[in-house]
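Colleague: missing the sequence, but the structure's below:
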């Protein structure tokens, strides 16, 4: 514990990391999914986690969410141990179709988070409208998720997560099921939403370009069991731009490094 | 309604009218003795007579009351028990075998038991109707609760929703299509058992009316009662379908 704290301090200065993994090991069904993972995410940081499938990146995210408890080690949030999920941590799931309530309209789905937060019903409609506008869904309040495209449903899920007013946003391959054009649009929107709210983000993806494009830092996990294999700081200017950022020599260098890493893990 | 649908509707009425005409023909030709088979004309006359004297009204009200109370009791108990069993895997494993034993049990078999315990009373009728009608509702509820998307429970956890909120905002609405389908099936069961109980226990209702009319060889009254029972089944089931359609509007959007 002391050594991990010292290490984190060395990396981040004295600021407490918002989310801290301290020697986390997770064993599920006799199988070690994650082994001795130590990792700190500072407030406001955009951290991307990549890795081959089965490397435990989604599991790491679920640990950060409090949906799993570590077998050994600790996950701390704002210096407090995580015992269960909390409203300050919102999760955007990849399968938006399953994470939305099909019997509630777009407005109703956003309302669920406001209701859970105890907002009086009189104040909800204005807030719902505002949130739907923020994610680019104005005028769709009365639609059911089934009447919306995949991209719109994912926006709706993001709106519900924003309604939690999260300190931390956990995103599990949120754009994995969307087409390339929609994905790029949403990447930029997430960046501006996050910049506006100041939330900390852990973003899991298998798309290496996406990780570098979005992140302040990219972590690559090694599989069987999951552990950190590479850690890259992304020093690319913000705001990022789909064309110029992706053509930036630094972007290309990081991309090369990350691709080499992933290729090596797959052998 | 488009033209094809209208045509089908007209055709279905024509078929129904054809059956009535055939019935009239058989009765008029006295292929079956008028003592046993009245024509539609005499059945209709008996219906009108029964309603204008008020007799049929009170019998109809009696049957509707038995049916409604039994069905409502079955619905409340069935949804509550089904929710408890359905929301826990352990409960499902423990209780399922007992349910499998009780479910195929013919309800008529428990009527003597109910009569022995409760006598020939309204309470007995209520118990029998509710016991028979609870199964489709309870089993549908168990299935509905067991089939709630696990992801939604994770969403609820991350929102720190209370147990009660999870049940009413997530599990129940998610299971509602199953529950309503079960309730529709139970409606028919409740009607059947209402009639059976009225016949067996002499309780005021259409079942009793039909029995007495048959014993007195008043075949027109007998048929009036049977027609009314058929109508009751039809109207309640249509009303249930309309309610389902309204409550499950979100499913229509899904298709």
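Modeller: Sure thing, it's come through. The structure displayed is predicted, hence computed values, not measured ones.

Colleague: Ramachandran coordinates for the residue positioned nearest the centre of chain B?
Modeller: Note on chain B: the residue nearest the mean C-alpha position is residue B:187, at 1.5 Å, using Cα atoms, centre = their mean. Note on residue B:187: its backbone torsions stand at phi -60, psi -50 [degrees, to the nearest 10].

Colleague: Ok, the one 3 residues further on next?
Modeller: When read as degrees, to the nearest 10, the backbone of residue B:190 gives phi -60, psi -40.

Colleague: Just the pLDDT at it, thanks.
Modeller: As summarised for this prediction, residue B:190 has a pLDDT of 96.

Colleague: Test my guess that it contacts residue B:135.
Modeller: No. Applying Cβ atoms under 8 Å as the test, residue B:190 and residue B:135 come out as separate, 11.5 Å apart. All C-beta atoms are positioned from the backbone trio N, CA, C, and that covers glycine.

Colleague: picking up where we left off before, didn't the residue nearest to the centre of chain B look like it was pressed against residue B:70?
Modeller: No. Contact criterion Cβ under 8 Å: residue B:187 and residue B:70 do not qualify, at 10.3 Å.

Colleague: list residues touching both of the two?
Modeller: Residues within reach of residue B:187 and of residue B:70 at once, by Cβ atoms under 8 Å, 6 or more residues apart in numbering or on different chains, are residue B:133.

Colleague: Give me the contact list for stretch A:253-267.
Modeller: A:50-52, A:55, A:208-209, A:211-212, A:218, A:220, A:222-223, A:229-230, A:232, A:234.

Colleague: for the record, mean pLDDT for that stretch?
Modeller: 90.

Colleague: Quick check: buried residues in it?
Modeller: A:254, A:255, A:257, A:258, A:261, A:262, A:265 (16 or more other Cβ atoms under 10 Å in any protein chain shown).

Colleague: again, but for stretch B:217-225
Modeller: Neighbour count says stretch B:217-225 has B:218, B:219, B:220, B:221, B:222, B:223, B:224, B:225 buried, by 16+ other Cβ under 10 Å.

Colleague: Show me just the buried residues among the contacts of stretch A:253-267.
Modeller: Buried, going by 16+ other Cβ under 10 Å: A:50-52, A:55, A:208, A:211-212, A:218, A:220, A:222-223, A:229-230, A:232, A:234, out of the contacts of stretch A:253-267.

Colleague: so of the residues you listed, which ones are in helices?
Modeller: Judged by DSSP state H, helices contain the following of the buried ones among the contacts of stretch A:253-267: A:208, A:211, A:212.

Colleague: wait, residue A:75 sits on residue A:81?
Modeller: Yes. Look at residue A:75 against residue A:81 with Cβ under 8 Å: they come within range, at 7.1 Å.

Colleague: from the stretch 151-267 of chain A, which residue is nearest to chain B?
Modeller: Closest to chain B within the stretch 151-267 of chain A is residue A:164: 6.8 Å, counting by Cβ to the nearest Cβ.

Colleague: Contact partners for residue A:223?
Modeller: Counted by Cβ under 8 Å, 6+ apart, residue A:223 has contacts A:51, A:52, A:54, A:55, A:56, A:265.

Colleague: and those, which two are the farthest apart?
Modeller: A:56 and A:265 (12.2 Å; Cβ to Cβ).

Colleague: Greatest separation within the contacts of stretch A:253-267: which pair is it?
Modeller: A:223 and A:234 (22.8 Å).

Colleague: Show the subsequent helix or strand relative to the helix or strand hosting residue B:177.
Modeller: Taking DSSP states H and E as the criterion, residue B:177 maps to helix B:172-201. Proceeding N to C from helix B:172-201, the next assigned helix or strand is helix B:206-215, under DSSP H and E.

Colleague: check contacts around residue B:185.
Modeller: B:136, B:137, B:140.

Colleague: from these, which is closest to chain A?
Modeller: Using Cβ to the nearest Cβ, the contacts of residue B:185 come closest to chain A at residue B:140, 16.7 Å.

Colleague: Go ahead and confirm the closest one touches residue B:181.
Modeller: Yes. If you go by Cβ under 8 Å, residue B:140 and residue B:181 touch, sitting 5.9 Å apart.

Colleague: near chain B, which residues of the stretch 101-250 of chain A show up?
Modeller: Within reach of chain B by Cβ under 8 Å from any Cβ of the partner chain, the stretch 101-250 of chain A has these residues: A:101-104, A:112-113, A:115-117, A:144, A:146-147, A:164.

Colleague: if we can go back for a sec, so, if you compare the buried residues of stretch A:253-267, which one comes nearest to residue B:29?
Modeller: In terms of Cβ to Cβ, no member of the buried residues of stretch A:253-267 lies closer to residue B:29 than residue A:262, at 88.7 Å.

Colleague: Quick one: classify the closest one as helix, strand or coil.
Modeller: Secondary structure, DSSP: H, G, I helix; E, B strand; the rest coil: residue A:262 is helix.

Colleague: Around residue 239, how many other residues sit close by?
Modeller: Reading this off chain A. 9 (other Cβ atoms under 10 Å in any protein chain shown).

Colleague: Let me rephrase: I mean chain B.
Modeller: 11.

Colleague: do you know how far it is from chain A?
Modeller: Distance, residue B:239 to chain A, using Cβ to the nearest Cβ, to the nearest Å: 22 Å.

Colleague: Spell out, range by range, the strands that occur in chain A.
Modeller: A:19-28, A:31-41, A:46-51, A:72-77, A:80-81, A:89-92, A:168-172, A:200-204, A:217-222, A:227-233 (DSSP state E).

Colleague: which helices and strands does the second one pack with?
Modeller: Using 3 or more Cβ pairs under 8 Å, 6 or more residues apart in numbering or on different chains; DSSP states H and E as the contact definition, the elements that strand A:31-41 packs against are helix A:2-12, strand A:19-28, helix A:57-65, strand A:72-77, strand A:227-233.

Colleague: out of the ones you listed, deepest packed?
Modeller: helix A:57-65 (a mean of 23; mean count of other Cβ atoms under 10 Å in any protein chain shown).

Colleague: That one vs strand A:46-51, what angle?
Modeller: 140 degrees (axes from the mean of the first three to the mean of the last three Cα atoms, to 10 degrees).

Colleague: Can you give the distance from helix A:57-65 to the centre of its chain?
Modeller: Taking the mean of its C-alpha atoms, helix A:57-65 sits 9 Å from the chain's own mean (Cα atoms, centre = their mean, to the nearest Å).

Colleague: Out of the residues of the stretch 101-250 of chain A next to chain B, which end up buried?
Modeller: Buried among those by 16+ other Cβ under 10 Å: A:101, A:102, A:103, A:104, A:112, A:113, A:115, A:116, A:144, A:146, A:164.

Colleague: can you redo those residues as JSON lines with distance to residue B:103 and pLDDT?
Modeller: Formatted as JSON lines, these follow (distance: Cβ to Cβ, whole Å; pLDDT from 0 to 100):
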{"residue": "A:101", "distance to residue B:103": "31", "pLDDT": "96"}
{"residue": "A:102", "distance to residue B:103": "30", "pLDDT": "95"}
{"residue": "A:103", "distance to residue B:103": "29", "pLDDT": "95"}
{"residue": "A:104", "distance to residue B:103": "33", "pLDDT": "96"}
{"residue": "A:112", "distance to residue B:103": "36", "pLDDT": "97"}
{"residue": "A:113", "distance to residue B:103": "40", "pLDDT": "96"}
{"residue": "A:115", "distance to residue B:103": "37", "pLDDT": "96"}
{"residue": "A:116", "distance to residue B:103": "38", "pLDDT": "95"}
{"residue": "A:144", "distance to residue B:103": "35", "pLDDT": "94"}
{"residue": "A:146", "distance to residue B:103": "34", "pLDDT": "93"}
{"residue": "A:164", "distance to residue B:103": "43", "pLDDT": "94"}
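
Colleague: Where does pLDDT dip in chain B?
Modeller: B:1, B:253-255 (pLDDT under 70).
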